[in-house]
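1. with the sequence up front, the predicted model follows.
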Amino acid sequence: GDDSLLCAGNRIRLDVTNAGAAYQWNTGEQSPTLEVDTGGFYRVTVTRGLCSRSDSLSVREVMQPRADLGSDTTICYGEPFQLDATSPDAEAYLWQDGSTAPVLAVRQAGAYSVSVSNICGVATSPVVIATQECADHLIYPTAFSPNGDGQNDVFRPRVMISVSAYHIRILDRWGRTVIVSGPPAAG
């Protein structure tokens, strides 16, 4: 027969049954059939009377596909991050968004998954990506209105780093100082 593929963990049966014949496989077997569970080169000689014929085939073993995006993770907000599903046993990739490349660039939080497939099956791997601010500086609002209406009344920086001391000076639109502040211990 033709060369063949064998999915890892499975078997194929090679059958050269011919009534009244003797058989000699390159594995040492002398039966008309051979159960194959590993890849390799297989050759058989079939003899009946004075006639003898040989045939051979290669069996390539293919591993089941594997998908592993790793553990759930947190990335810096807005920073590119790549989910890599590359597998030597993969023939095709399919991400939850329809992408088909082995690598998917993500920038935002969410649940992601990939299906990796080959002739032997499909494997799926999910992962959850969270984001956090990773700034190495304080992030201030661009405006506030302390008029008691419940909207933007408090001027408060988002602190994503450890702050041991600070000094804040707030100016109005004409450049005049409105408020000067420091840490509570500084008075």
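-> Thanks, I have it. These figures come from a predicted structure and were not determined experimentally.

2. residue 11 contacts residue 39, correct?
-> No - counting by C-beta atoms under 8 Å, residue 11 stays clear of residue 39, with 11.9 Å between them. In this view, the C-beta of every residue, glycine as well, is placed from N, C-alpha and C.

3. looking at the two, which one has more neighbours?
-> residue 39 (15 against 10; other C-beta atoms under 10 Å).

4. for the helix or strand bottoming out on mean pLDDT in the chain, which strands pair with it and how are they oriented?
-> Every helix and strand of the chain was ranked by mean pLDDT, DSSP states H and E. The lowest is strand 168-171, at a mean of 82. Paired neighbours of strand 168-171 in the sheet (DSSP bridges): strand 177-181 (antiparallel).

5. and the average pLDDT for the strand it pairs with is what?
-> On average, the pLDDT along strand 177-181 is 84.

6. run the chain-centre distance for it.
-> 51 Å (C-alpha atoms, centre = their mean, to the nearest Å).

7. same thing with stretch 175-183?
-> How far stretch 175-183 lies from its chain's middle: 50 Å, per C-alpha atoms, centre = their mean.

8. quick one, strands of the protein?
-> Using DSSP state E, the strands of the chain run over 4-7, 12-15, 22-25, 33-36, 40-48, 51-62, 73-76, 81-84, 92-95, 103-106, 110-118, 121-132, 168-171, 177-181.

9. ok, and what's touching the last one?
-> Under the contact criterion C-beta atoms under 8 Å, 6 or more residues apart in numbering, strand 177-181 has outside partners 167, 168, 169, 170, 171, 172.

10. among these, which one sits closest to residue 6?
-> residue 168 (70.7 Å; C-beta to C-beta).

11. counting neighbours, what do you get for the nearest residue to the closest one once chain neighbours are set aside?
-> Residue nearest to residue 168 in three dimensions, not counting chain neighbours: residue 181, with 4.6 Å by C-beta to C-beta, 6 or more residues apart in numbering. Using other C-beta under 10 Å, residue 181 has 12 other residues around it.

12. cool, residue 61 as well?
-> Applying other C-beta under 10 Å, I find that residue 61 has 16 neighbouring residues.

13. ok, the one 5 residues further on next?
-> A count of nearby residues for residue 66, using other C-beta under 10 Å, gives 14.
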